[in-house]
Structures are given as C-alpha cells and as structure tokens.
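Asks: what would the 3D arrangement of this be:
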Amino acid sequence: MSDGEDRSVRGSPARTPRTAAGREGGSGPEAGAAGRDAAAAGPDAGGDANRGGGTDRGDANRGGDPNRGGDRDDAVEPRADVVARRPSPAGPRGDDPRPAGSAGSHEWTGSARVAGARRRARGASPRTLTLASLRSPLSVDAPSSPARPRTPSTPRPRPQRGRWEEDVLGPDYRRLTLTLTPDDEGDVVATLVRYDPPTDEAVRPVRAVLYVHGWSDYFFQTELAEYWHSQGAAFFALDLRKYGRSLRPHQTPGYMEHLHEYDEDLETALAVIHTELGTHAAVMLNGHSTGGLTGVLWANRNPGRLRGLVLNSPWLELQGSSTVRTVSTPAIRQLARFQPKAPLPNIDAGYYARTLRDLESGGWEFNPAWRPVPSFAVRAGWLRGIIEGHATVAAGLSVACPIIVLTSDRTIISPRWSEDMRQADIVLDVELLARRAPHLGPVVTIARIPGGIHDLTLSRPAPRARYYAEITRWLAGYGWS
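Replies: Below is the predicted model:
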C-alpha cells in the first residue's frame, strides 16, 4: 500500500479504489493529482484546509509551477484520474439507494478540489476583509500581533506599618523592617538602616544614598555612612531579603533565582526614602559586588530614577571571562531546573575574611551569623540568576545617569595564602570588571585603587582614603544633576 493510499484510508470510512492513472508515477500534473488526493483525506492525514486546493491558484502552486509546467490553463485542466472517479448520475455503482437530498453514505468519490473545499471552515478567509472585521478590528478572530518578550513588571511597594528602631550598630543608626510579598519559603522581609546622628539642623536633606551589600554580606560599614553624611546626603543601607538583619530561620540564606526579585526590595526602600525626604529628593545608589550588579540592572530597567551609581567592585562578569560563563551555563541551567537549591562545592578558603580581621587598623567587627566563614552555600538556582545578569551586562546596558566603577588595581586568586592578598582583590578579576564597565552606559568613569581589597571600604587606611577621594572628585564633576 502506498503512502497516498494509506492516508486515504485514514481520512474516510470507505475508500474508493484508485484508478490506474492514479497509481502511475511521474511528475507534472499526475504527481500533483496524487498530492491533492492525499490532501482530500483531511487534516488528520496531513492535509490542511488552506493547502487542500480550494482555488485554482492553490492547485496551480501545488500541482506544478505554471512558469515551468506550461500556462495557467494547463495547470487547472481536469486530469484523467479525477474524470475516472467522478460519480455518474446513477451513483458510484449505478444504483444509488440514497433518496434525493439525503446525506446517505459517508463514502466520497469526488475530486480532491471539492473535498478540500468542503472540509474548510465556512467562515471567511483570514485574508478576506468583511464588514464585521472592519467594524471590530480588535475581535478575537483578527490576527494577533507578534508576542513581545516578557520583562519583569515593576512591583508596587506594600504599605509599611513598622516603626524605626535602634539598630545593632548603636544609637546613631536606626532600622525599619520592610514587609515584602511572601515566597515559596514563607514570609519575606527586607531591612532599611538609616544613619541618624544627632544634629542641630532643622532642614532635612534633599539628597540620599542607598547602599546595597554583596553576596553573603550585610551592612556594617559605618565609615561609609559617615562619609556620605559629610557630603550632605542622608545615608540609607538595605539588607536584602534573606541576608543579615532580614534573614529568617525558615529561609535559605541569600537565595534567589532571578535578580529582578530584588526589585521589590529596592522599590519599597525608595518609597520609604521619598516618604522621609520628599517626593523630589535626589537619590544615588552605592552598590558593592553582587549589590552593584543588582543595582545597575535595576537602574537599566528604571531609567530616570537615580542621579548616579557608585559601584564598589561590582560583579559584572563571571570569573574566567565570558567563555567560562558560556560553557558552564547549560550545565548550571540543567541542574537549576531539577534541583535549584542544590549546593555547589564551596571554594571559599577563608582568606578574604582573614584580610578583614587582621588589618593594621585593628580589623573590622561583624556578625559571624550574618557574614559566615566560609560564606553561604552557592546554589544552582542562585548561580543561574547571576549568570543571567552577567549575560545581560555583556549584551550592553543603557543606564543614562553617570556611573563610577571603582576597583582594586590588581587581582590575586590563589589556593595558598599570601601576604599580598591584603592589598589586592582576591574575590573577582578586576581586569574583567574594567572591560565590562563601558557596557553599562554612555557616561562611565573607572577608578583603580592601588592596594585596595575586594570591598574597598574595608581596605587599609591609605587605599580607603583614596577610594573616598575618587568619589569626591567624581561628585565634583557630575554632582547630583
């Protein structure tokens, strides 16, 4: 049984034997007739209403090209197999038992052209303009426009009923717990910290800086808050969901699957800042490491909301260049699809924490539960979200506000401890960060800090002073305009 005969059997309950002309091979009109016989069997047999040959034009295109197989009249001339199968007035077998007007048997022996026309829907062709379509251009029958890529929608900040309380950093710092939308692990909160020292000034500032921390971290950099306060700006810091002050016992520390999940944290914090300082207060964002990546992506999705971006060693690319990211992405995505919270091998040897605790200035004090050593476990779903952010940066952003990217002047990544690690970035490759920085927007300043570590605000006194001096000089050039 040929393929055409098999489709004919599936398409109709009773099949009429094909004539000799229909079984013969070849090309031209005879080959086109075989294709139309298959189309007459209906959609289930591979035919389509719009391709089954409802018009002479469609038959000409399917049966043979008029430009190659003769003129147009030849393309639509009845063929031998169609004439042989056309029913006689007495019926297919000479004694038609069906009464006049009755549907009778479901057997069909007519031409493929008519069969295709009968199997099409009775409505107007999508290309046909009707009065109804002109009157209702947005009806469900009208062709829909191409689907646009989905982008994260801007979350609406939830009303906050909490009160400012004294923070763990002392009486000059106050915190406010921000209630966010619960996720699959339960209730979710973020924490906004404000530097609020006593002052005799009755006028509130009209400028503010919002600081966003990095991975496995939280806000404790008090000198940073004092610097921005000296610049005449109100200082706020945000502990993101599942970090630091915002971490709850039922949560996976630091876990998220897409960086735009932090949009709600940022929107809620900004709503509180504008409530405190006024709707027209100018705001800058100061982000460190992963917080810098989060902040610049948010600024790209929300143009005109910030007056500037100060990025402290922002994590703009995966260690090892974009090649490593491209090669590792399929495996990470596959693991994140089935086991998103599966922990990956932890390569933190604790050297970075050692550089913070043994500084000449006496080291820095921080909560080991909020900033553990080694760091929080890196999980597949989280890493997939980071890689997505890196790919977005590599493709190019268009952040309109001025940006300054500050990094150390060198990187040391080694499995063995070295005293030089106290004066270098041992977490990220600063050369990659410098190459990615111009991708952020049209106005980007790059400042390299000799002797700085990954978090430049925690470096030794000399590179730390250089870090603040570079920001001050940048502010003089771009300010809050």
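Asks: low-confidence ranges, the protein, go.
Replies: For the chain, residues meeting the criterion pLDDT under 70 lie at 1-153, 202, 320-328, 358-363.
Asks: which residues in it form strands?
Replies: Assignment of strands within the chain using DSSP state E yields the ranges 165-167, 170-183, 186-195, 207-212, 234-239, 282-288, 308-312, 403-408, 444-449.
Asks: closest one to Trp480 among those?
Replies: Across the strands of the chain, the minimum distance to Trp480, taken as C-beta to C-beta, is reached by strand 282-288, at 4.7 Å. (Each C-beta comes from the backbone N, C-alpha and C, glycine too.)
Asks: other residues contacting that closest one?
Replies: Strand 282-288 is contacted from outside by 206-214, 217, 224, 228, 233, 270, 273, 293-296, 298-299, 305-314, 455, 457, 480, using C-beta atoms under 8 Å, 6 or more residues apart in numbering.
Asks: ok, of those, which come out buried?
Replies: Buried members of these, scored by 16 or more other C-beta atoms under 10 Å, are 207-214, 217, 224, 228, 233, 270, 273, 293-296, 298-299, 306-314, 455, 457.
Asks: count of neighbours near Ser418?
Replies: By other C-beta atoms under 10 Å, the residues close to Ser418 number 11.
Asks: how close does the nearest residue to it once chain neighbours are set aside sit to His454?
Replies: By the measure of C-beta to C-beta, 6 or more residues apart in numbering, the closest residue to Ser418 outside its immediate chain neighbours is Ile412, 6.6 Å from it. Here the distance between Ile412 and His454 works out to 11 Å (C-beta to C-beta, to the nearest Å).
Asks: intersection of neighbour lists for those two?
Replies: Between them, Ile412 and His454 have Asp425, Ile426 as joint contacts when contacts are counted by C-beta under 8 Å, 6+ apart.
Asks: of these two, which one has the most company?
Replies: His454 (24 against 14).
Asks: between the strands of the chain, which gets nearest to Val373?
Replies: With respect to Val373, and counting by C-beta to C-beta, the nearest of those is strand 282-288 at 17.8 Å.
Asks: give me the sheet partners of the closest one and which way each runs.
Replies: The pairing partners recorded for strand 282-288 under DSSP bridges are strand 207-212 (parallel), strand 308-312 (parallel).
Asks: quick one: these as a markdown table, columns for distance to Ala190 too.
Replies: Supplementary listing: those in a markdown table, determined by distance: least, C-beta to C-beta, whole Å:
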| stretch | distance to Ala190 |
| --- | --- |
| strand 207-212 | 10 |
| strand 308-312 | 20 |
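Asks: between those, which gets nearest to Glu166?
Replies: Proximity to Glu166, assessed across the strands paired with strand 282-288 by C-beta to C-beta, is greatest for strand 207-212 (18.9 Å).
Asks: just the CA coordinates of that closest one, formatted as CSV?
Replies: This file holds the C-alpha atoms of strand 207-212, laid out as CSV (Å, rounded to 0.1, in the frame of the first residue of the first chain):
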residue,chain,number,x,y,z
ARG,A,207,19.8,64.1,48.7
ALA,A,208,20.1,60.5,49.7
VAL,A,209,22.3,57.5,49.1
LEU,A,210,21.1,53.9,49.2
TYR,A,211,23.7,51.3,49.9
VAL,A,212,23.3,47.7,48.7
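Asks: what sits up against it?
Replies: For strand 207-212, the external contacting residues (C-beta under 8 Å, 6+ apart) are 219, 221, 224-225, 228, 232-238, 240, 266, 269-270, 273, 277, 281-288, 291-292, 294-295, 307, 310, 480.
Asks: domain parsing for the chain?
Replies: The record, using automatic domain parsing to delimit domains, assigns the chain the ranges 3-88+109-117, 165-478.
Asks: most packed of these?
Replies: Here the criterion is mean neighbour count by mean count of other C-beta atoms under 10 Å, and of those the winner is domain 165-478, at a mean of 18.
Asks: re earlier: so who does the residue nearest to Ser418 touch?
Replies: Neighbouring residues of Ile412 by C-beta under 8 Å, 6+ apart: Ser418, Asp420, Met421, Ala424, Asp425, Ile426.
Asks: now for the residues you listed, which pair is the farthest apart?
Replies: The distance between the two most remote of the contacts of Ile412 (C-beta to C-beta) is 13.3 Å, for Ser418 and Asp425.
Asks: does Thr177 touch Thr191 like I think?
Replies: Yes: proximity of Thr177 to Thr191 meets the contact threshold set by C-beta atoms under 8 Å, at 5.7 Å.
Asks: now do the shared contacts for these two.
Replies: Each of Arg245, Ser246 lies in contact with both Thr177 and Thr191 under the rule C-beta under 8 Å, 6+ apart.
Asks: ignoring the adjacent residues along the chain, who's closest to Ile453?
Replies: Excluding the flanking residues, the one nearest Ile453 by C-beta to C-beta, 6+ apart is Ser459, at 4.9 Å.
Asks: how near is the one you found to Asp183?
Replies: Separation of Ser459 from Asp183 (C-beta to C-beta) stands at 36 Å.
Asks: how far does stretch 434-448 stretch from start to finish?
Replies: Its start and end residues considered, stretch 434-448 measures 9 Å (C-alpha to C-alpha, to the nearest Å).
Asks: picking up where we left off before, so which of the strands paired with strand 282-288 is nearest Ala395?
Replies: Ranking those by their distance to Ala395 (criterion: C-beta to C-beta) puts strand 308-312 first, at 18.2 Å.
Asks: what sits up against that closest one?
Replies: By C-beta under 8 Å, 6+ apart, the list of residues contacting strand 308-312 reads 209, 284-289, 292, 295-296, 299, 399, 401-406, 440, 455-457, 467, 471, 474, 478, 480.
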